[in-house]
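Undergrad: After the sequence you'll find the predicted model.
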Number of protein chains: 2
Amino acid sequence: MDERGLHRLIGTIIAPERLEDDCAIIPCGDLLMVASTDMLHETTDFPAGMTDWQIGWMAVAVTLSDIASTGAAPGQILLAVGLDRPERIAGIMVGARDCCTAFGAELVGGDLDSHRELTLVSTGLGLVAPEHLVQRRGAKPGDIIAVTGPLGEAEAALIGYDHHRKELLEPQPRIREGQALGRAGASAMMDISDGLAVSLYDLLAVNDCGFSVDTARLPLPAGVPEDEGRELALYGGGDFELLFTAPPALLPVPGVTAHVIGEVIPDPVVLADGRPLERRGYLHEWKA
Amino acid sequence: MDERGLHRLIGTIIAPERLEDDCAIIPCGDLLMVASTDMLHETTDFPAGMTDWQIGWMAVAVTLSDIASTGAAPGQILLAVGLDRPERIAGIMVGARDCCTAFGAELVGGDLDSHRELTLVSTGLGLVAPEHLVQRRGAKPGDIIAVTGPLGEAEAALIGYDHHRKELLEPQPRIREGQALGRAGASAMMDISDGLAVSLYDLLAVNDCGFSVDTARLPLPAGVPEDEGRELALYGGGDFELLFTAPPALLPVPGVTAHVIGEVIPDPVVLADGRPLERRGYLHEWKA
């Protein structure tokens, strides 16, 4: 069974609409608070050679990326650290703090535990005006589909294209872009952490329409042969660009690099170049 | 080095006042939001024989206990699960949901990951009016020191007193009591998850006064010889009663069982029966 199969099971235990988005939405005075939590651990999430500083940075960046995808301004980060060796904590905390500082968040607390395998769980809070909130649901036929930057760079680094290691190890959450798109009126948005194909199927699951992309328009990783780059852009995980839909007249949004890659269609299917796209990418798996 | 030694190091990286309390405090309209995160994992935190339902319950209960210690009303829980075997998720999620429901919280989201060792991180949010917030700092000489129930029961169960297994495996966060004490005007409060002695030293670290307890007044675990019970009450971990200070005239607070165990004193020391109390209890340790 994979992660999304277990999600369906969990939807029978807690309110299933709670599972639709990367962030929970909580009333907070006249604003909405968004909250997201992400677990990372050594064997699954931290490529060999990663420094402790980069590990701390990444733990915060993945959560800020979830907040970015709602259009919210980041506020506070809590970091729970299951620590294998005490000498690692300083590097991890400095990396986490630096990522917070870089994107306007504050590291306000956490928990510390001893663990055989280094395990980090970051929880992020952000604020957004109700009229600027963007969620996965909301795409409409005729909307364009766009992404905020090149896809497949992180996976390219994993298979040896070392010039993309910085994108793999120090992801840059699209905080500024997410807020600008929320204010401009994007209709649906999410981040692409598990790959474009999986993300398009995630949008399909909560919208009453379909998604058709043109692979010739995908922004590909630099310095990778085109065919390989296209495969990485469709199925590679670890990118943290935003995937969004919007009425065509919305673009350009000042300050936001947007690559239009396709169109929202009435039929509830995911197509690439007119053919059904394989649902494949990064998914946690458990043996049955 | 132990957990609190590492905390001091972390206090050189992030704002040290952020480390004083179990919860971060965040403005939310006219109210304050409290936020807390706790990591639990199989080898350290889940005694043998614990069911998946109890594991889910406990993961939520420990975080609700942190929220209770501020006087806040619990709101939302996020649960990150590092899952070793997929068949465990249903029991864990039902236990987590049931604990939320029992104490007025809602399970609104989380993260799911595959992990060699079952690891749960719950993050809780709560709301409190600024005038009802209670923190660790605030004790004044002349205040009474009190606890909300018997101490040492969880540790008693760990060493074989099976009639206390329910207290060990299904802790009951003192949500109602925390809110009542906050509204009544308790001066300082925390929960006692790492044992009374460690908790008194935690209060000492952030207050400009000391704490003197009378061991004859400790509420002891039932069915345990008195000397052993007193040792468990002082040094045993895993209880989730509230420890608070308050002006003597505050008690009784309607609906709150309070056992007065001592008095706040001007000298910055922790005393038991007039002698310095050993700082010993449950602390995560790492080999140097």
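TA: Structure received. Remember, predicted model here, so these are calculated numbers, not experimental data.
Undergrad: What residues does the residue in the stretch 1-150 of chain A positioned nearest to chain B make contact with?
TA: At 2.3 Å from chain B, residue A:29 is the closest residue in the stretch 1-150 of chain A, using CB to the nearest CB. No exception for glycine: its C-beta is placed from N, CA and C like everyone else's. Going by CB atoms under 8 Å, 6 or more residues apart in numbering or on different chains, residue A:29 touches B:28-31.
Undergrad: ok, and the most crowded of those?
TA: Using other CB atoms under 10 Å in any protein chain shown as the neighbour criterion, residue B:28 leads those with 22 neighbours.
Undergrad: What residues are recorded as beta-bridge partners of the residue most central in space within chain A?
TA: Nearest to the geometric centre of chain A sits residue A:191, at 3.0 Å (CA atoms, centre = their mean). Applying DSSP bridges to residue A:191 yields these beta-bridge partners: residue A:242.
Undergrad: coming back round to it: between the contacts of residue A:29, which is closest to residue A:228?
TA: Nearest to residue A:228 out of the contacts of residue A:29 is residue B:28 (CB to CB; 48.2 Å).
Undergrad: What residues does the residue lying closest to the closest one once chain neighbours are set aside make contact with?
TA: Computed as CB to CB, 6 or more residues apart in numbering or on different chains, the closest residue to residue B:28 that is not its neighbour in sequence is residue A:28, at 4.6 Å. By CB under 8 Å, 6+ apart, the residues touching residue A:28 are A:127, B:28-29, B:33.
Undergrad: what's the top helix by length along chain A packed up against?
TA: Scanning chain A for the longest helix, with DSSP state H as the assignment, gives helix A:52-68. Applying 3 or more CB pairs under 8 Å, 6 or more residues apart in numbering or on different chains; DSSP states H and E, one finds that helix A:52-68 contacts strand A:31-41, strand A:73-83, helix A:89-102, strand A:119-128, helix A:175-184, strand A:188-191.
Undergrad: which one of the contacts of residue A:28 sits closest to residue B:105?
TA: Nearest to residue B:105 among the contacts of residue A:28 is residue B:33, at 13.4 Å by CB to CB.
Undergrad: quick revisit: just the helices and strands packed on helix A:52-68: most buried one?
TA: Between the helices and strands packed on helix A:52-68, strand A:119-128 has the highest mean count of neighbours, a mean of 28, where neighbours are mean count of other CB atoms under 10 Å in any protein chain shown.
Undergrad: Just checking: what are the partner strands of it?
TA: For strand A:119-128, pairing defined by DSSP bridges yields strand A:31-41 (antiparallel), strand A:73-83 (antiparallel).
Undergrad: Tabulate those strands (TSV), appending mean pLDDT.
TA: Listed next are those as TSV, based on pLDDT from 0 to 100:
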stretch	mean pLDDT
strand A:31-41	95
strand A:73-83	96
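Undergrad: would you turn those into a markdown table with distance to residue A:56?
TA: Converted to a markdown table, those look like this (distance: least, CB to CB, whole Å):
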| stretch | distance to residue A:56 |
| --- | --- |
| strand A:31-41 | 10 |
| strand A:73-83 | 8 |
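Undergrad: for those strands, which one sits closest to residue A:49?
TA: Closest approach to residue A:49 among these (CB to CB): strand A:31-41, 16.0 Å.
Undergrad: Good, we can wrap up now.
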